[in-house]
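*Asks:* what would the 3D arrangement of this be:
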Amino acid sequence: MAEDRNAMSPDNDDLARARAAWTYRGKKRPPFAVAPEPGQESVWDYPRPPAIVPSNALVEVYAGNRRLVRTRDLIRVLETGSPPTIYLPLAELDEAWLRPSRQRSFCEWKGPARYYHVQGDQGLIENAIWTYPEPLAGAEVLADRFSCYPSKLRCVLDGETVRAQAGGFYGGWITSRIVGPWKGEPGTGHY
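*Replies:* Down below sits the predicted model:
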């Protein structure tokens, strides 16, 4: 997900160029990719455009000690070179904890994103979650869902505390079941 804070929706030519710019598309694992062991997934096997996969894994998200959501209703977005991004139902999140942000971004696969600050028990956590209220074709299932940065909120997936992608640019959820390397690490700008 690109994070241009002043992003505008591109025209069709811009969108086509952005989608065509990716070198790796999940069809063949590149030689630098870590081979997954049994029970693991390689982010280099994920497709582009991303796969949108329902899951019933147990997810808990916390702002400090305040639990924001606990659910088994999640969607994994699997995109080449990135750990899965997890999307949860907005209906299960208490909107009283959210404060609108002026930050916006645009993803060439999912569309325009809106961000929200989260009121945690220890203060305001800026730009911690995002939504795609008007997703592009193919990503419509995300319209009533949100995702969050594991670097800002404590995210737990099936009992394992999620690690954040480096750099704060992407919102992938890293667990022991995922192998990379993935976007965001030093030297990965060409992915």
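
*Asks:* quick check, central residue of the chain?
*Replies:* For the chain, the residue nearest the mean C-alpha position is residue 85 (3.1 Å; Cα atoms, centre = their mean).

*Asks:* how far away is it from residue 32?
*Replies:* Noted for residue 85: a distance of 22 Å to residue 32, by Cβ to Cβ, to the nearest Å. C-beta: built from backbone N, CA, C; applies to glycine.

*Asks:* residue 82 too?
*Replies:* Separation of residue 82 from residue 32 (Cβ to Cβ): 15 Å.

*Asks:* and the two? which has more neighbours close in?
*Replies:* residue 82 (25 against 10; other Cβ atoms under 10 Å).

*Asks:* you'd agree the more buried one is up against residue 169?
*Replies:* No. Counting by Cβ atoms under 8 Å, residue 82 does not reach residue 169; the two are 10.1 Å apart.

*Asks:* surely residue 16 is within a helix?
*Replies:* Yes. Counting by DSSP: H, G, I helix; E, B strand; the rest coil, residue 16 is part of a helix.

*Asks:* just the helices in this protein please.
*Replies:* 12-20 (DSSP state H).

*Asks:* low-confidence ranges, the chain, go.
*Replies:* Applying pLDDT under 70 to the chain flags residues 1-9, 18-23, 25, 189-191.

*Asks:* for stretch 118-130, output the C-alpha coordinates as PDB.
*Replies:* What follows is stretch 118-130 as a C-alpha-only set of coordinates in PDB (Å, rounded to 0.1, in the frame of the first residue of the first chain):
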ATOM      1  CA  VAL A 118      -7.000   5.200  17.700                       C
ATOM      2  CA  GLN A 119      -7.600   6.400  21.300                       C
ATOM      3  CA  GLY A 120      -5.800   3.800  23.400                       C
ATOM      4  CA  ASP A 121      -5.700   3.600  27.100                       C
ATOM      5  CA  GLN A 122      -2.400   5.400  27.100                       C
ATOM      6  CA  GLY A 123      -3.200   8.100  24.600                       C
ATOM      7  CA  LEU A 124      -3.800   8.800  20.900                       C
ATOM      8  CA  ILE A 125      -2.100   6.400  18.400                       C
ATOM      9  CA  GLU A 126      -1.800   8.300  15.200                       C
ATOM     10  CA  ASN A 127      -2.700   6.800  11.800                       C
ATOM     11  CA  ALA A 128      -3.000   3.300  13.300                       C
ATOM     12  CA  ILE A 129      -5.700   1.900  11.100                       C
ATOM     13  CA  TRP A 130      -7.000   2.400   7.500                       C
END
